[in-house]
Every structure is written in C-alpha cells, then in structure tokens.
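**Q** Below are the sequence and a predicted model; questions follow.
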Amino acid sequence: MESPDKVGQILELPSHPFYVGVQFHPEFKSRPGKPSSLFLGLILAATGQLETYLDQSDG
C-alpha cells in the first residue's frame, strides 16, 4: 500500500511466519471487544493459534 506521495505504509514478508511493519497507527483502530486485524494476528501468531483461526474463518 502506498500513500499519494509514494511513501510505503505497510510492509510484509510472505515467506516469514509473521513479519509486518506499518507506518500508520493501527492502535487507533483497536478496541477491547474488536481488536484491529493487525494486533489480533500478532496475538494469534504469538500464541500459536493463527493457523487454526485462519482455517476457521474466511482468512
């Protein structure tokens, strides 16, 4: 994803189990009952539950 001034906003390495970098502020989109997808993915990956979650959802 790029901004109008061509500055990269998101970076991921698909070959890595969980690697993502962002320049925007996803924490502003997170709420206790509705975490941002980025933070939910991080927690699920850290606890070894990401694959199960993705298998049970639309991914």
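**A** All right, it came through fine. Residues are numbered from 1 along each chain as shown.

**Q** Please report how far V20 lies from G33.
**A** Between V20 and G33 the computed distance is 23 Å (C-beta to C-beta, to the nearest Å). Any C-beta I mention is one placed from the backbone N, CA and C, and that applies to glycine too.

**Q** In terms of packing, which of the two has more residues around it?
**A** V20 (14 against 4; other C-beta atoms under 10 Å).

**Q** Leaving out chain neighbours, which residue sits closest to that one?
**A** Spatial nearest neighbour of V20, chain neighbours left out: E12 (4.8 Å); criterion: C-beta to C-beta, 6 or more residues apart in numbering.

**Q** What is the neighbour count of L38?
**A** By other C-beta under 10 Å, the residues close to L38 number 16.

**Q** what's in contact with whatever helix or strand it lives in?
**A** Here L38, judged by DSSP states H and E, is contained in helix 37-46. Residues outside helix 37-46 that contact it (C-beta atoms under 8 Å, 6 or more residues apart in numbering): P17, F18, V20, V22, P26, E27, S30, P35, L50, Y53.

**Q** For Y53, which non-adjacent residue is spatially closest?
**A** In space, Y53 is closest to L44, 5.1 Å off (C-beta to C-beta, 6+ apart).

**Q** pLDDT score assigned to that neighbour?
**A** Predicted confidence (pLDDT) for L44: 92.

**Q** Likewise for M1?
**A** Model confidence at M1, given as pLDDT, is 51.

**Q** what does the one 4 residues further on give?
**A** In the predicted model, D5 carries a pLDDT score of 74.

**Q** residue closest to the middle of the protein?
**A** L38 (2.5 Å; C-alpha atoms, centre = their mean).

**Q** could you measure it against E12, distance?
**A** Distance, L38 to E12, using C-beta to C-beta: 10 Å.

**Q** Now the common contact residues for the two.
**A** Shared contacts of L38 and E12, counting by C-beta under 8 Å, 6+ apart, come down to V20.

**Q** Pretty sure L11 sits in a strand.
**A** Yes. The assignment for L11 is a strand, going by DSSP: H, G, I helix; E, B strand; the rest coil.

**Q** Give me the buried positions along the worst-scoring helix or strand of the chain on mean pLDDT.
**A** Scoring the helices and strands of the chain by mean pLDDT, DSSP states H and E places strand 10-12 at the bottom, with a mean of 78. Within strand 10-12, no residue is scored as buried using 16 or more other C-beta atoms under 10 Å.
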